[in-house]
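[1] have a look at this prediction, sequence included:
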Amino acid sequence: MSEVVIRPTTAEDWWRYRDIRLEALASAPAAFGSTYSGELDRTEELWRERAGNPRALLAFAGDVTVGIAVGYDDPDEPPESRSLVSMFVTPAYRGHGLSTRLIDAVAAGARDDGAHELVLWVTDGNEAARKRYEHSGFVATGHTQPLPHDPTAMENRMALDLSVKSILTVGIDVGGTTVKAALVDAAAPSVVLARAVAQSPDPGPDAGAAVLAAAARLVDELRGQAADLGLPAPAAVGIAVPGIIDEPAGVAVFASAFDWSDEPVRDELSRRTGLPVAFGHDVRSAGLAEWRIGAGRGGDNVLLVALGTGIGAAVVVDGRLLTAGGYAGQLGHVVVAPDGPLCGCGQRGCVGMLASARAIHHRYAAASGRSIGDVDGAREVAALVAAGDPVALGVWSDAIDHLVDMLVAAVTVLGPRRLVLAGGPSDAGELLVGPVRDRLAAALTFQRRPEVVAAELGSDAGVLGAALAAAALATAVLSAAAVGGAAGPVPLP
Ligand SMILES: [Zn+2]
């Protein structure tokens, strides 16, 4: 690369630049695909879809952090559009050094790739930004100019939305095998900026203290990662665990995995981290994320049913996520087969014993004569169903019948407009959703017929929901501080 140039940008350039950027995305090479942390994979995937190019590098969209497109030499093109970098950093991240890091990475990659010229179009008229890019090896050849004003253009909305304040939070999801943590910005809540993970403690009298210690360590680790990324320090923590969890009180009413009974988890983690903590239930937390930014977004009456070790639910009625002291949404313990297997809750034939991911796994193993350890969970059963295996089909279909029996009752009581199926089996998409939709439609008579969809956020839903709850808490704390008041306990948004 003989020269890197910052071009002056005019209003006319801006529109042309936008077209070039789209073109660049359509022809982007895969060379820099691994340059970044990999945390933006999901975003990148979305953008690849939009650009119609499976090799596009990184996405940008209204709610997304950064986007980069790199185009390469085409001798038929004029020089200024041959090799170029175009990049967006959403306003919330400007001034944190993220763009410099990304540009550095791209410039280094372009050099390695033998690009002879790399052009960066500066669009924000920002002298500080120009200096940063010079630091990355770009040479300024002119001055930047302000953007044209067109309130209908997404780019301009982004550019004008400079007042967005970045609130970073840590979401923690405590599962059976791992404790996952993610750093998330409230301004772009679907993007995980950094991750950390620890092993879940073995059940027992020490498990509660161990999981709190692990959570505090993960918060520290993500604080460090935020500093490394040049981002602000996290303002609050959200943590979600299985059990009977009273969110408004911040108390684990009962959580057998950690030997907790009436344990003030919120205050204890807050003491250990020095941050405000939003405490929540794992499935409600996932439900919160799906409701706000996933498959349930835009709805006021949403029922999320998660198929995991058991079956849990998050219930949104008239725009409120129901808690009921921690007892709402225990749909896995609706009895659908009075002579069925004994459940840990003491009842027989709970739907969680017949239609959860674990039940599908174990029942298939029993029906096929294979050992439980030999079957790769409900995932393998789903693959066998897709392949037409008759034993798997029988188990799958039975599970769906039991699930639908429970759903008819739930829909009758709650009247959801949208039913979101989550958990491992929902990864099978229409293989699960299709028959549930059909059988539910056949069973319902006068009830509202919910739209049946698969969850969108996958295994990130729990951490994202915890981070969203923390963001609501942090916002309340900030606004209370701004008016000189004290923030009380904040309900989930
Ligand atoms: Zn039960």
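    Everything's here; your move. Because the structure is a prediction, the values reported are computed rather than measured. Numbering: from 1, shown residues only.
[2] please name the nearest non-neighbouring residue to the closest residue to the ion within the stretch 351-493 of the chain.
    Proximity of the stretch 351-493 of the chain to the ion (CB to the ion) peaks at G352, 5.8 Å away. C-betas here are computed from N, CA, C, even on glycine. What sits nearest to G352 in space, not counting adjacent residues and going by CB to CB, 6 or more residues apart in numbering, is G332, at 3.2 Å.
[3] tell me the pLDDT at that neighbour?
    As predicted, G332 sits at a pLDDT of 97.
[4] wait, what's in contact with it?
    G310, I311, G312, A313, C350, V351, G352, S356 (CB atoms under 8 Å, 6 or more residues apart in numbering).
[5] which SS state does K180 fall under?
    At K180, secondary structure determined by DSSP: H, G, I helix; E, B strand; the rest coil is strand.
[6] next one: it from the ion, what distance?
    Distance of K180 to the ion, computed by CB to the ion, to the nearest Å: 26 Å.
[7] and that residue, how many neighbours?
    For K180, the neighbour count with other CB atoms under 10 Å is 22.
[8] wouldn't it be in contact with G462 here?
    Yes. Using CB atoms under 8 Å, K180 is in contact with G462, at 7.2 Å.
[9] and for those two, which residues touch both?
    Common neighbours of K180 and G462, using CB under 8 Å, 6+ apart, are D173.
[10] just the ones of the contacts of G332 in strands?
    Among those, the subset assigned to strands under DSSP state E consists of I311, G312, A313.
[11] once you drop chain neighbours, what's closest to the first one?
    Think I311. G332 (3.3 Å).
[12] helix, strand, or coil at V305?
    Per three-state DSSP, V305 ends up strand.
[13] now A455. Its backbone dihedrals?
    In terms of degrees, to the nearest 10, the main-chain angles of A455 are phi -60, psi 160.
[14] which pLDDT value goes with the residue lying closest to it once chain neighbours are set aside?
    Of all residues not flanking A455 in the chain, A422 sits nearest, at 3.7 Å (CB to CB, 6+ apart). You'll see A422 listed with a pLDDT of 97.
[15] tell me the bridge partners for A422.
    Beta-bridge pairing for A422 (DSSP bridges): A306.
[16] show me what contacts it?
    A422 makes contacts with A286, G287, E290, L304, V305, A306, L307, A454, A455, A461, as judged by CB under 8 Å, 6+ apart.
[17] hey, where'd the helices end up in the stretch 151-300 of the chain?
    With DSSP state H, counting those that start in this stretch, the ranges of helices along the stretch 151-300 of the chain come out as 154-160, 207-228, 265-273, 282-293.
[18] so which of the ones you listed is the most surrounded?
    Using mean count of other CB atoms under 10 Å, the stretch among the helices of the stretch 151-300 of the chain with the largest mean neighbour count is helix 282-293, at a mean of 29.
[19] flag every residue of the stretch 301-450 of the chain that's near the ion.
    H333, C343, C345, Q347, C350 (CB under 5 Å from the ion).
[20] so for the residues you listed, which is the shakiest by pLDDT?
    C345 (91).
[21] V351 is in contact with that one, correct?
    No. Contact status for C345 versus V351: not in contact, 11.5 Å apart, counting by CB under 8 Å.
[22] give the residue from the two that has the larger number of neighbours.
    V351 (30 against 14).
[23] for the nearest residue to that one once chain neighbours are set aside, what is the enclosing helix or strand?
    Using CB to CB, 6+ apart and skipping residues adjacent in sequence, the residue nearest V351 is M406, 4.2 Å away. In the assignment (DSSP states H and E), M406 maps to helix 390-414.
[24] list the buried residues of that helix.
    392, 395-396, 398-408, 410-411, 414 (16 or more other CB atoms under 10 Å).
[25] residue in the stretch 101-250 of the chain nearest to the ion?
    Closest point on the stretch 101-250 of the chain to the ion, by CB to the ion, is I244, at 13.1 Å.
[26] how many other residues sit next to that residue?
    Neighbour number of I244 under other CB under 10 Å is 17.
[27] what is the least confident helix or strand in this protein?
    The helix or strand of the chain with the poorest confidence is helix 154-160; it has a mean of 28 (mean pLDDT, DSSP states H and E).
[28] re earlier: most surrounded residue in the residues of the stretch 301-450 of the chain next to the ion?
    C350 (29 neighbours).
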